[in-house]
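**Q** here is my input; please provide its structure:
(chains A and B)
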Protein chains: 2
Amino acid sequence: MTVIAVAQLEPRLGDLPGNLERSVQAIRRAHAAGAEIIVLPELASSGYMFASRAEAYAASEVAGAGPVTTAWRALADELDVIVVAGFPERDGERLYNAAFMAVPHLGTTVYRKVHLWDEEALYFEPGDLGFPVVPTRHGRLGMLICYDGWFPESYRTLALAGADVVCVPTNWVPIPGQRAEASAMAVTLSMAAAHSNGLVIAAAARVGGERGQDFIGQSTIIDHTGWPVAGPADATGITQLLADVDISQIRRSRSWGNFNNPVRDRRPDQYQGLG
Amino acid sequence: MTVIAVAQLEPRLGDLPGNLERSVQAIRRAHAAGAEIIVLPELASSGYMFASRAEAYAASEVAGAGPVTTAWRALADELDVIVVAGFPERDGERLYNAAFMAVPHLGTTVYRKVHLWDEEALYFEPGDLGFPVVPTRHGRLGMLICYDGWFPESYRTLALAGADVVCVPTNWVPIPGQRAEASAMAVTLSMAAAHSNGLVIAAAARVGGERGQDFIGQSTIIDHTGWPVAGPADATGITQLLADVDISQIRRSRSWGNFNNPVRDRRPDQYQGLG
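**A** Predicted coordinates:
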């Protein structure tokens, strides 16, 4: 069994030391509760609503070389936990909306958000590293960020590469057509992706607001059946969710009866325009 | 504006004349209520749980040449409505789990279920016609059948071909992990597909049981926001749902602000193994 935690936080734009401290506290809190995989929100180190490229650049760092990713990696080693969290990555003059995964005593992996949302297009480059899948003692782990979840192709690519758990640092925001009485459409998309790919989704969202942009929380952990096993959390509170999942059982459950497995049953010869 | 109807019915295995009569009544009832596009369940002419290939063969017909599809086409012309309904299609020695679309005074289109579910694999061939999209006065219409909805590739292929409305004859059944208090996971999958592709989904399911197989109803019409605008219907009743949708407004709504459209924003260069 594997204990997964998602930390729903409220980063503050421009407060880099405070954001790092909040992320460290969240990781220690999740570890104290027994978590072995810990997921933090998108751009957890920086906040989200940059008003200029210079502001985004000032908040960015080279993966594994700046203070934030160095601290996350050290904490993963110290606590023997896998840490996944979002940060603005710098690579020469280029910036990426990235997620950092530290596997204790092994290495780190960067995922660069493939599908940019709204004014991210002004400051970040579209991700160019595909969708890495990292084999670990807790199964094969992938990463996605927020708007990537609107593209079933993202989850399918990860499933075809064998992912068991997809860690999703996110900053979900209000979208048109949302019904007040229901969970966010982002949760519905996550449920559908978990179910139709037979994998776990651990989505860590943020709360609060920045420069007129509200964030809607609703962090959740969804198992391979497509149903939440933790959350969705509420839309406004800083909180932590925990769930215990059995990766071996999940792999076993991907075949339905004698005939079906919705990853294996794909018919690429009948699809048009997807590749 | 376009009025769409889905008819939730209970076909009877082996009662071909009765099933045809039930389908005709359902089409007339929907037309009387103002419907312009009318969707009936999967295998509406035959029932579902065939125990042998011979039984499936005896219930099948050549599209446009047998009594069922001839009647549906005539009714579409008489009432000036688009009819979409499921039937077992015969083509030489081959059988397909198919959907028939009749556009009044124009023509007919057959869709053959691409993803076969469970023991369908014993009697039917996998669909080999891709995912046709039919331009009509009510926008561009596609078809899918039941388990096709577990493959986001199906909806994405239709969206990339410009589909505005996807008509889904279905026979949804109970699946492992379903939560008793919630709508079927099939509805969740449909909501996610409608939202992330900006199209309408009109799913006509069936009720009742055959040879130990229960069917779960929950027919629904979902608009491009991803939220049901009619249903989900209950799990046991024969019923009809109606919804009025504005195809022009739906097309206009596919662009989100200055930067985003989740069909246009796809990044095929970053996907692996989908094509």
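**Q** let me know the secondary structure of the residue of chain A at minimum distance from chain B.
**A** With Cβ to the nearest Cβ as the measure, A:G275 is the residue of chain A nearest to chain B, at 2.1 Å. For the C-beta atoms, the positions are set from N, CA and C on the backbone; glycine is no exception. Classification of A:G275 into helix, strand or coil gives coil, according to DSSP: H, G, I helix; E, B strand; the rest coil.
**Q** A:D244 against A:M1, yeah?
**A** Yes: counting by Cβ atoms under 8 Å, A:D244 sits close enough to A:M1 to count as a contact (5.1 Å).
**Q** the more surrounded of those two?
**A** Set A:D244 next to A:M1 and count neighbours by other Cβ atoms under 10 Å in any protein chain shown: A:D244 wins out with 15 against 10.
**Q** mean confidence for the one helix or strand the more buried one maps to?
**A** According to DSSP states H and E, A:D244 maps onto strand A:239-245. Per-residue confidence for strand A:239-245 averages out to 98 on the pLDDT scale.
**Q** name the strands paired with it and say parallel or antiparallel.
**A** The partner list of strand A:239-245 in its sheet, established with DSSP bridges, is strand A:2-8 (antiparallel).
**Q** for the partner strand, what is the distance to the chain centroid?
**A** A distance of 11 Å separates the centroid of the chain from that of strand A:2-8, by Cα atoms, centre = their mean, to the nearest Å.
**Q** buried residues in it?
**A** Of the residues in strand A:2-8, those buried by neighbour count under the rule 16 or more other Cβ atoms under 10 Å in any protein chain shown are A:T2, A:V3, A:I4, A:A5, A:V6, A:A7, A:Q8.
**Q** for the next helix or strand after it, name the packing helices and strands.
**A** Elements were assigned by DSSP H and E; along the chain past strand A:2-8, the next helix or strand is helix A:16-32. Contact partners of helix A:16-32 among helices and strands, from 3 or more Cβ pairs under 8 Å, 6 or more residues apart in numbering or on different chains; DSSP states H and E: strand A:2-8, strand A:37-39, helix A:67-79, strand A:239-245.
**Q** which of these sits most buried?
**A** Taking mean count of other Cβ atoms under 10 Å in any protein chain shown as the contact definition, the stretch among these with the greatest mean neighbour count is strand A:37-39, which reaches a mean of 31.
**Q** which other helices and strands contact whichever helix or strand comes after it?
**A** Next helix or strand after strand A:37-39 toward the C-terminus (DSSP H and E): helix A:53-59. Judged by 3+ Cβ pairs under 8 Å, 6+ apart, helix A:53-59 is in contact with strand A:82-91, strand A:94-102, helix A:120-123.
**Q** reformat these as TSV; add mean pLDDT.
**A** Written out in TSV, the entries for those read as follows (pLDDT from 0 to 100):
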stretch	mean pLDDT
strand A:82-91	98
strand A:94-102	98
helix A:120-123	96
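**Q** columns distance to chain B on top of the ones you listed, output as TSV?
**A** Putting those into TSV (distance: least, Cβ to the nearest Cβ, whole Å) gives the following:
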stretch	distance to chain B
strand A:82-91	16
strand A:94-102	13
helix A:120-123	5
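**Q** can you pull the residues of the stretch 51-200 of chain A lying near chain B?
**A** Neighbours of chain B within the stretch 51-200 of chain A, by Cβ under 8 Å from any Cβ of the partner chain: A:114-119, A:121, A:126-128, A:130-131, A:147, A:150-154, A:156-157, A:160-161, A:175-177, A:179, A:182, A:185, A:188-189, A:191-193, A:195-196.
**Q** where do the helices sit along the stretch 151-275 of chain A?
**A** Per DSSP state H, counting those that start in this stretch, the stretch 151-275 of chain A carries helices over the ranges A:152-160, A:185-197, A:247-252.
**Q** with that, I have no additional questions.
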